[in-house]
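Participant: predicted structure and sequence below. I'll ask about it afterward.
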Amino acid sequence: MKNYLIEQLDDVVGTPCPCGTSRRAFCIPENPIASIHMVDISKEARTHYHKKMTEIYLVLEGEGQIELDGEV
């Protein structure tokens with residue numbers, strides 16, 4: 001495996017997820033360290049959690065609310 005990975009998120013096909021539609025980069029077995037998900041959040045987004053993952057949120061556009069550990 002190379003020492004780097006490159007991905008164009010605009011070229012990645014979206015996948016349905018609890019939040020809406022996710023474009024996932026670097027989700028391969030050879031890379032257990034990190035991944036990036038660009039998510040189009042839907043109004044029907046469902047609350048969920050991850051036992052073994054740290055998520056970092058970067059809002060690119062729009063407005064809304066996010067629930068973290070039961071707080072909005």
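Facilitator: Arrived safely.
Participant: my guess is residue 40 meets residue 15, correct?
Facilitator: No - taking Cβ atoms under 8 Å as the definition, residue 40 is not a contact partner of residue 15, at 10.9 Å. The way it works is simple: take the backbone N, C-alpha and C, and place the C-beta from them, glycine included.
Participant: how near is the closest residue to residue 47 other than its chain neighbours to residue 59?
Facilitator: In space, and not counting its chain neighbours, residue 47 is closest to residue 67: 6.2 Å by Cβ to Cβ, 6 or more residues apart in numbering. In this view, residue 67 and residue 59 are 14 Å apart by Cβ to Cβ, to the nearest Å.
Participant: residue closest to the middle of this protein?
Facilitator: By Cα atoms, centre = their mean, the chain has its centre lying nearest to residue 37, at 2.9 Å.
Participant: where exactly do the strands run in the protein?
Facilitator: 15-17, 20-25, 36-41 (DSSP state E).
Participant: count of residues packed around residue 55?
Facilitator: Using other Cβ atoms under 10 Å, residue 55 has 8 other residues around it.
Participant: if I look at it, how far off is residue 10?
Facilitator: 21 Å.
Participant: pLDDT weak spots in the protein?
Facilitator: In the predicted model of the chain, residues 1 satisfy pLDDT under 70.
Participant: ok, residue 60 to residue 9 distance?
Facilitator: 11 Å.
Participant: give me the common contacts of the two.
Facilitator: residue 38 (Cβ atoms under 8 Å, 6 or more residues apart in numbering).
Participant: residue contacts, residue 19?
Facilitator: Residue 19 neighbours (Cβ under 8 Å, 6+ apart): 39, 41, 42, 45, 46, 48.
Participant: and the gap between the nearest residue to it once chain neighbours are set aside and residue 18?
Facilitator: Nearest non-adjacent residue to residue 19, counting by Cβ to Cβ, 6+ apart: residue 45, 4.5 Å away. Note on residue 45: its distance to residue 18, by Cβ to Cβ, is 7 Å.
Participant: which of these two has more neighbours?
Facilitator: residue 45 (15 against 12).
Participant: mind checking how far the more buried one is from residue 15?
Facilitator: 15 Å.
Participant: just residue 37 next, same as before
Facilitator: From residue 37 to residue 15 the distance is 9 Å (Cβ to Cβ).
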